[in-house]
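>>> Have a look at this fold, sequence not included:
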């Protein structure tokens, strides 16, 4: 703990260094001592958090932000300066959540450190100032903006849960003050889509991602939902009531999702496709629901194209072997006999089991897999409709167009004029 006086002796400020790296601690200690020689004294005894005016916290793990958060709750008047490891620059939006005025990034130079420290000391008695690029030392990019509906601390916790970075109960418990464990979502919905009339969106000046989130929030007003945006998809995180074992069983919740999908399509020309993972009551397993939702989104629908459940995907290993084979060879002239041979099933038996496990007969399933490939080709290449039809094994361009419209709701040419939704 340090006591710093202004040059005129009019005011005394206490400062705390919370730096685990001994070399870093000693370096900062030397800089402070040299700069404020004669106006600084080292205090050995512990003091109350409310008696600290300035605190420099080293941030070498995500949990260090939790410590800062807790310290800030106990002493909102203290000026906190995080000292970040370069690998944790992506956590910088948390400083905005705490309304911190400055961030330091290792390895900070002495003159910059002293300049920031003097600015903070000079600003204690003046009005608070918010974080600006001038006060982010060592950071050469603007912090990524978080979802305007989700607090940065909560978003950071959810992203780490979904990536599988949080692996221990201890770390989760320490984060409880940020997002209570019993309030965490337990199922993930993977959402992608397109805008049918991009010009209409431009004329009305709305952002598809915000429109989508608002639609779902209004319908889940009581239970609440969280969103995490990625470039080409957005995750909707829901906490299902404990009496339900699946989102599919929660008819009220499913109806709200379908209602939002229909409303967005009708009112804004926004078409959504959603994959739903399994429920995981244990937060550390939530990342599995994310992977399952992704897989469900890309699997042939059992019932409806707009909403697909991971639990509906076959778990039969032999049928999975066949679906993998179909995915690899969908552009070939596949026959049911050829695929049944992969697992040594007779055609009649294979046909019955395949439909039972996938919800589709063999021809329908192969057609859907080919259309998935068609969607990608239409969006990402300049190939003609005729070329795509021939490439995917459709007899004629007209047959391809009619089949595409039956499944997607638009002709291939109409789909090509749509705009894929970019969520960030």
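Happy to help now that I have it. All values derive from a computational prediction rather than experimental measurement.
>>> low-confidence ranges in the chain?
Segments of the chain classed as low confidence (criterion: pLDDT under 70) are 1-11, 37-50, 96, 124-153, 173-182, 222-223.
>>> just the strands in it please.
Counting by DSSP state E, the chain has strands at residues 2-5, 12-18, 40-42, 54-59, 79-84, 103-105, 136-137, 187-195, 225-229, 234-238, 270-276, 307-309, 419-420.
>>> Residue 34: which of these is closest?
Counting by Cβ to Cβ, residue 34 lies closest to strand 40-42 out of the strands of the chain; the figure is 9.7 Å. Every residue, glycine included, has its C-beta placed from N, CA and C.
>>> Got the domain ranges for this protein?
In the assignment given by automatic domain parsing, the structural domains of the chain cover 2-137, 152-312, 317-420.
>>> now, of these, which is deepest in the fold?
Of the domains of the chain, the one with the most neighbours on average (mean count of other Cβ atoms under 10 Å) is domain 152-312, at a mean of 18.
>>> need the strands of the chain in a markdown table with distance to residue 331, can you?
A markdown table is the format used below for the strands of the chain (distance: least, Cβ to Cβ, whole Å):
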| stretch | distance to residue 331 |
| --- | --- |
| strand 2-5 | 70 |
| strand 12-18 | 60 |
| strand 40-42 | 74 |
| strand 54-59 | 51 |
| strand 79-84 | 49 |
| strand 103-105 | 50 |
| strand 136-137 | 51 |
| strand 187-195 | 23 |
| strand 225-229 | 34 |
| strand 234-238 | 31 |
| strand 270-276 | 23 |
| strand 307-309 | 23 |
| strand 419-420 | 23 |
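>>> Looking at these, which is nearest to residue 260?
strand 270-276 (8.0 Å).
>>> so residue 35 makes contact with residue 115?
No: under the criterion of Cβ atoms under 8 Å, residue 35 is not in contact with residue 115, lying 10.3 Å apart.
>>> Determine the residues that are contacts of both of those two.
Jointly contacting residue 35 and residue 115 under the rule Cβ atoms under 8 Å, 6 or more residues apart in numbering is no residue at all.
>>> ok, which stretches of the stretch 201-350 of the chain are helices?
Listed in chain order, the helices of the stretch 201-350 of the chain (DSSP state H, counting those that start in this stretch) span 208-219, 251-268, 286-297, 317-328, 336-340, 347-358.
>>> of all the ones you listed, which lies closest to residue 89?
Closest to residue 89 of the helices of the stretch 201-350 of the chain, according to Cβ to Cβ: helix 286-297, at 22.7 Å.
>>> so what does that closest one touch, helix or strand wise?
Judged by 3 or more Cβ pairs under 8 Å, 6 or more residues apart in numbering; DSSP states H and E, the packing partners of helix 286-297 are helix 152-163, strand 187-195, strand 270-276, strand 307-309.
>>> In TSV, list those along with distance to residue 352.
Putting these into TSV (distance: least, Cβ to Cβ, whole Å) gives the following:
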stretch	distance to residue 352
helix 152-163	38
strand 187-195	31
strand 270-276	27
strand 307-309	22
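>>> Compare the ones you listed and give me the one nearest residue 240.
For the helices and strands packed on helix 286-297, distance to residue 240 was read as Cβ to Cβ. The smallest value, 5.7 Å, belongs to strand 187-195.
>>> Adjacent strands (with direction) for that closest one?
strand 234-238 (antiparallel), strand 270-276 (antiparallel), strand 419-420 (antiparallel) (DSSP bridges).
>>> hmm, who's touching the longest one?
For strand 270-276, the surrounding residues in contact (Cβ under 8 Å, 6+ apart) are 187-196, 208, 211-212, 236, 247-248, 257, 261, 264-265, 292-299, 305-310, 409, 418, 421.
>>> between it and helix 251-268, how big is the angle?
Between strand 270-276 and helix 251-268, the angle comes out at 160 degrees (axes from the mean of the first three to the mean of the last three Cα atoms, to 10 degrees).
>>> Now the residue nearest the centre of the chain: closest residue in space, sequence neighbours ignored.
Geometric centre of the chain, nearest residue: residue 228, 3.6 Å, by Cα atoms, centre = their mean. Taking Cβ to Cβ, 6 or more residues apart in numbering, and ignoring the residues beside it in sequence, residue 228 has residue 235 as its nearest neighbour in space, at 4.5 Å.
>>> Now do the one you found against residue 185, distance only.
According to Cβ to Cβ, to the nearest Å, residue 235 stands 9 Å off from residue 185.
>>> Next: residue 100.
Here residue 100 is placed at a distance of 28 Å from residue 185 (Cβ to Cβ).
>>> Run through who's touching stretch 71-89.
By Cβ under 8 Å, 6+ apart, the list of residues contacting stretch 71-89 reads 19, 24, 49-50, 52-62, 64-65, 68, 91-92, 95, 98, 100-106, 108, 116-117, 120, 123-124, 138-139, 141, 177.
>>> These in helices, which ones?
Among the contacts of stretch 71-89, the subset assigned to helices under DSSP state H consists of 24, 62, 64-65, 68, 95, 116-117, 120, 123.
>>> could you dump those residues to CSV with distance to residue 376?
As requested, these are exported to CSV (distance: Cβ to Cβ, whole Å):
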residue, distance to residue 376
24, 49
62, 36
64, 42
65, 39
68, 44
95, 40
116, 49
117, 54
120, 52
123, 54
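>>> And the furthest pair within those?
When Cβ to Cβ is used, the two most widely separated members of those are 62 and 123, lying 27.7 Å apart.
>>> my guess is the residue nearest to the centre of the chain meets residue 157, correct?
No: here residue 228 does not reach residue 157: they are 10.7 Å apart, not a contact under Cβ under 8 Å.
>>> Between the two, which contacts overlap?
With the criterion set as Cβ under 8 Å, 6+ apart, the contacts of residue 228 and residue 157 do not overlap.
>>> check contacts around the residue nearest to residue 165 when sequence neighbours are not counted.
Counting by Cβ to Cβ, 6+ apart, the nearest residue to residue 165 once its immediate chain neighbours are dropped is residue 62, at 7.8 Å. When contacts are counted by Cβ under 8 Å, 6+ apart, residue 62 is found next to 88, 91, 156, 160, 165.
>>> for residue 283, same thing?
With contact set as Cβ under 8 Å, 6+ apart, residue 283 has these partners: 161, 172, 181, 184, 186.
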